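Asker: got a predicted model here, sequence first, then my questions.
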Amino acid sequence: MNKRVCDIKVSGIRRFHNKVKEVEGAISLTLGQPDFNVPECVSEGMKKAIDEGKTSYTSNEGIPELRNEISKYLNKLGVNFDGDEMCITVGGSQGLFAVFMALVNEEDKVLIPDPGYPAYKAIVEMIGGCAIEYKLNDDFSLNFDEMEKYLRAGDVKAVVLSYPCNPTGAVLSREDRDKLAGLLRKYDVKIVTDEMYAALCYEDEYYSVAQYDDLKKNLIYVSGFSKMFSMTGLRIGYVCAEKEILKQIIKVQQYNVSCAASISQYGAVAGLKYGYNDVEYMRSEFKKRRDFVYSELKDMGLDVNLPKGAFYIFPSIKSTGMTSEEFCERLLNEKKVACVPGNAFGKCGEGYIRISYSYSIEELKKALALIREFIEENR
Ligand code: PLP
């Protein structure tokens, strides 16, 4: 078997989620799976596509209707990519895979955030690249000194940015976006910006380095509809980049999957045309849940940052004296509540747990009451 693949650990998120199945009656707050049904317009769009027999291969880069709708949508976020500067992928996951495959040579250094979404490190290492974790500040904002320390060495191929962030819920502030853009202009590196949760931002304004057209020659934008339209199983993501970069990504796409599922692509078109009210509804519900979970955790005396995007919260459990694994194992066995140990997201995640608040408010209320009991018993 391939040694690099054998060396990759199974994702800590899945590992913990699987443990939950062994504990009868446990409440799981482990997955990033919204509890809302897919918007009706998305289902209708897919039914119509089936009835019309739109079941054949699409082009590798996806149907033009979807790429053009994405272009219009991104435009509203201040991000300018034309329909022919993107490729529709099988969820954000396969988008990330195609990007790193096209970009990374053996031993190439890729900076990834720590804590961060585990796929970055796994994919880069599977491909033979070298993932270098950059630490974040205590509030999970970018630590520019840390980032520049690596960039100054001059041998970094790419920087991965991940805002709104899984697992911390942090977003990029306006000041940090501008400072970051300055840094990225100074060093000639590729930028992979994963903005999977851009539609789930609780601030009025959205900031991304992709909003600077002059950075586009080096920038690859990854996103998708799994979270935005609560369609995780329908597997539609997308990657945007200038044509020269995209050409290589599309080669990977061709030999990897040919294309994303045609019916799901039509569902996403309908979502973009008619589903903004559904997205707004989900976003406002997530915001209520975020406020509830945050105030409960604060009230328990835990050190926690208010998440400004996505649907995760990342409290510190250092005050309990337990490791992340120990805390989560005991919480599951003693109180039947499952959260993900922070170390599943990198070394800097040690001492934290990730709670996904994409679950119903009833479940969150029950789970938080049990977490409170657990904290009080172990203070
Ligand atoms: N990027 C981030 C930050 C994520 O959290 C996820 C999924 O949780 C993905 C990418 C992958 O998305 P998808 O489910 O569309 O493959």
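Answerer: That came through, no problem.
Asker: for the rest of this, base every contact and every neighbour count on C-alpha atoms.
Answerer: Will do.
Asker: could you list the residues of this structure in contact with the ligand?
Answerer: Residues of the chain lying close to the ligand by CA under 6 Å from any ligand atom are 32, 91-93, 117, 166, 194, 196, 224, 226, 232, 235, 237.
Asker: switch the cut-off to 8 Å
Answerer: Contact residues (CA under 8 Å from any ligand atom) of the chain with the ligand: 31-33, 90-96, 116-117, 119, 162-167, 194-197, 222-227, 232-233, 235-237.
Asker: keep only those of these that are in helices.
Answerer: Using DSSP state H, the subset of the residues of the chain next to the ligand located in helices is 91-96, 119.
Asker: got the contact list for stretch 308-315?
Answerer: 32, 164-171, 197-198, 200-203, 286, 290, 294, 297, 302-307, 342, 352-358 (CA atoms under 8 Å, 6 or more residues apart in numbering).
Asker: just give me how far that stretch sits from the chain centre.
Answerer: The chain centre lies 11 Å from the centre of stretch 308-315; the measure is CA atoms, centre = their mean, to the nearest Å.
Asker: how near is residue 355 to the ligand?
Answerer: Going from residue 355 to the ligand by CA to the nearest ligand atom, to the nearest Å gives 13 Å.
Asker: what sits against that residue?
Answerer: 29-30, 312-314, 339-340 are the contacts of residue 355 under CA under 8 Å, 6+ apart.
Asker: that one: what secondary structure?
Answerer: strand (DSSP: H, G, I helix; E, B strand; the rest coil).
Asker: so what sits opposite it in the bridge?
Answerer: residue 313 (DSSP bridges).
Asker: tell me how far it lies from residue 369.
Answerer: Distance, residue 355 to residue 369, by CA to CA, to the nearest Å: 14 Å.
Asker: which residues touch the longest helix anywhere in the chain?
Answerer: If you go by DSSP H, the chain has its longest helix at helix 276-299. The contact list for helix 276-299 (CA under 8 Å, 6+ apart) reads 36, 39, 199-202, 228-229, 303-304, 306-307, 311, 313, 315, 357-358, 361, 364, 368, 372.
Asker: and it, which residues are buried?
Answerer: Across helix 276-299, burial judged by 16 or more other CA atoms under 10 Å covers 278-279, 282-283, 286-287, 289-290, 292-294, 296-297.
Asker: could I get the contacts of residue 355 as a markdown table with pLDDT?
Answerer: Converted to a markdown table, the contacts of residue 355 look like this (pLDDT from 0 to 100):
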| residue | pLDDT |
| --- | --- |
| 29 | 94 |
| 30 | 91 |
| 312 | 98 |
| 313 | 98 |
| 314 | 98 |
| 339 | 95 |
| 340 | 95 |
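Asker: relative to the ligand, which of those residues is nearest.
Answerer: Closest approach to the ligand among the contacts of residue 355 (CA to the nearest ligand atom): residue 312, at 9.6 Å.
Asker: ok, and the closest non-adjacent residue to the closest one?
Answerer: Nearest non-adjacent residue to residue 312, counting by CA to CA, 6 or more residues apart in numbering: residue 356, 4.5 Å away.
Asker: mind giving me the packing neighbours of the lowest-mean-pLDDT helix or strand in the chain?
Answerer: The helix or strand of the chain with the lowest confidence, counting by mean pLDDT, DSSP states H and E, is helix 12-22 at a mean of 83. With contacts taken as 3 or more CA pairs under 8 Å, 6 or more residues apart in numbering; DSSP states H and E, helix 12-22 sits against strand 27-28, strand 337-338, strand 340-341.
Asker: quick one: the strands in this protein?
Answerer: Ranges of strands within the chain are 27-28, 86-89, 109-114, 130-135, 156-161, 190-194, 219-224, 237-240, 312-313, 337-338, 340-341, 353-356, based on DSSP state E.
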